[in-house]
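> Attaching a predicted model along with its sequence, questions to come.
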Amino acid sequence: MTTTDLPPSDLHPDARLTSSRRKIRAPFVLDDSMRFYSPQTNVEALEHPRVRALTERVRDEWTPAPVPTAGSGTRLALLVPCTKYKPYVTSREHRGINGALLAAGWRPVRGYDGPVALLSVLDPGEDPDVLNTAPLERDGVVLDRFVISEPLALVPYELTMYVDGEQSPATSYDDPGLFEARGTSISPERPDCTATQRADGTWAWGPAERSAYVAMHNAMADTLSTALGRLSPHYRAIVSWVAPGLTHRSFLADAATRRTDSIPSTRMGLDGRAMALRGVLDALPGAVEILPTKEQQGAAREQLATRLAAEGRASGPGSVRAVYARGDGHDTPLGLPELTAMLVERLDRLVAATASEPGAA
């Protein structure tokens, strides 16, 4: 039985529409034409007018605006992943990261100018500035945050809600991501779908999906390389905070990083031959620091086990792995306090280096 012979499923675009719309928080709304559920639709997304307009703008034109209060004039860049919910700042993962930055003394350079309705996502006592998309400043150093996204490649935080007064494409789309292991990143209604359904109802990619994955992956790496290469003179350092095992890390990784982090370097294509995956660091060696490291991840799991035990929660190896994978409520480990403390520490060192030894990293 071919995929086109299969009856309609919950993976058909019509069946997914309601779920996609729920991922966009009011008052923003989904652009129904910006739903990219499979590697093939991701490749096609590159030519979507709204995707192309924002991608080209950031790649070729956007530059960080001056911050008059920044004493040293030094800027740092922080790259974080896209998220299920939009705007990205409303996700628990980003709120965990941003909350840690605020607690460490980073403050927005201007007041919150997003919709008041978004404040309803905050937990009691949570600082509303976790939703602020303005650059952050501390001790005269400015921190610009960016989101790595498929299909948008790189989105400055300041363009994640609005672009030129209109709803941003970054708050208008649904792309569950290029994850074969989840068994849902396919488009079974397409005539070029070569995925096969497993006994448990999930799907395994076929050669068409794998080939489209490589094309999309490398397109994202190339756009990121061009954008970051152009923007890098503005920044003392570019730090990425990306989860192991996810595509955002692969978009950045060079061959050495792939070996260290066990990231695949090839995928099999339509003709059965291996197709190489490339990353930003292949084109721009040393341009981006990829965190958290394996050592940081191991230390965070140990600290998490200690915290769980102190809180009277199950703290055996299996429990720690499960809580770590879910981020203890932050969706991914990147928002865990045990890990965000390590991100803050790295940024602290960069700020201190600016104060004591201009030019040092």
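Right, received. Where do you want to start?

> which residues touch the helix or strand hosting residue 257?
Assigned by DSSP states H and E, residue 257 belongs to helix 255-261. For helix 255-261, contacts defined as Cβ atoms under 8 Å, 6 or more residues apart in numbering pick out 244, 249-250, 253, 263-265, 277, 279, 281-282, 290, 294. Placement of C-beta: from N, CA and C, glycine included.

> Please repeat the previous calculation with a cut-off of 6 Å.
For helix 255-261, contacts defined as Cβ atoms under 6 Å, 6 or more residues apart in numbering pick out 244, 265.

> I'd like the next helix or strand past it.
strand 266-268.

> Would you mark the buried spots in that following strand?
Going by neighbour count (16 or more other Cβ atoms under 10 Å), the buried part of strand 266-268 is residue 267.

> Please name the strands paired to that strand in the sheet, noting orientation.
strand 274-276 (antiparallel) (DSSP bridges).

> Alpha carbons of the helix or strand that the strand it pairs with is followed by, as CSV, please.
Per DSSP H and E, the first helix or strand lying C-terminal to strand 274-276 is helix 280-283. In CSV, the C-alpha atoms belonging to helix 280-283 read as follows (Å, rounded to 0.1, in the frame of the first residue of the first chain):
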residue,chain,number,x,y,z
VAL,A,280,28.0,27.3,10.3
LEU,A,281,31.4,26.4,11.9
ASP,A,282,32.5,24.7,8.7
ALA,A,283,32.2,28.0,6.9
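
> sorry, back to before: quick one: buried residues of the helix holding residue 257?
For helix 255-261, burial by neighbour count (16+ other Cβ under 10 Å) applies to 257, 258, 261.

> any low-confidence regions in the chain?
Low-confidence segments of the chain (pLDDT under 70): 1-9, 357-361.

> Give me the contacts around stretch 49-68.
If you take Cβ under 6 Å, 6+ apart as the criterion, stretch 49-68 is touched by 45, 109, 142, 144, 151-154, 169, 223, 226-227, 234.

> Just say helix, strand or coil for residue 144.
Under DSSP: H, G, I helix; E, B strand; the rest coil, the three-state class of residue 144 is strand.

> what's the answer for the one 3 residues further on, then?
Of the three states, residue 147 takes strand according to three-state DSSP.

> helices or strands up against the longest helix along the chain?
Assignment by DSSP state H gives helix 207-231 as the longest helix of the chain. With contacts taken as 3 or more Cβ pairs under 6 Å, 6 or more residues apart in numbering; DSSP states H and E, helix 207-231 sits against helix 39-45, helix 49-60, strand 153-156, helix 247-252, strand 266-268, helix 280-283.

> Report all helices and strands that the helix or strand containing residue 318 contacts.
Following DSSP H and E, one finds residue 318 within helix 317-326. Judged by 3+ Cβ pairs under 6 Å, 6+ apart, helix 317-326 is in contact with helix 294-310.

> before we move on, the earlier item: export the contacts of stretch 49-68 to a markdown table and tack on distance to residue 131 and neighbour count?
Shown next, in a markdown table, are the contacts of stretch 49-68 (distance: Cβ to Cβ, whole Å; neighbours: other Cβ atoms under 10 Å):
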| residue | distance to residue 131 | neighbour count |
| --- | --- | --- |
| 45 | 27 | 23 |
| 109 | 15 | 16 |
| 142 | 19 | 26 |
| 144 | 17 | 22 |
| 151 | 24 | 27 |
| 152 | 20 | 26 |
| 153 | 23 | 27 |
| 154 | 21 | 24 |
| 169 | 19 | 24 |
| 223 | 27 | 21 |
| 226 | 30 | 18 |
| 227 | 25 | 22 |
| 234 | 25 | 15 |
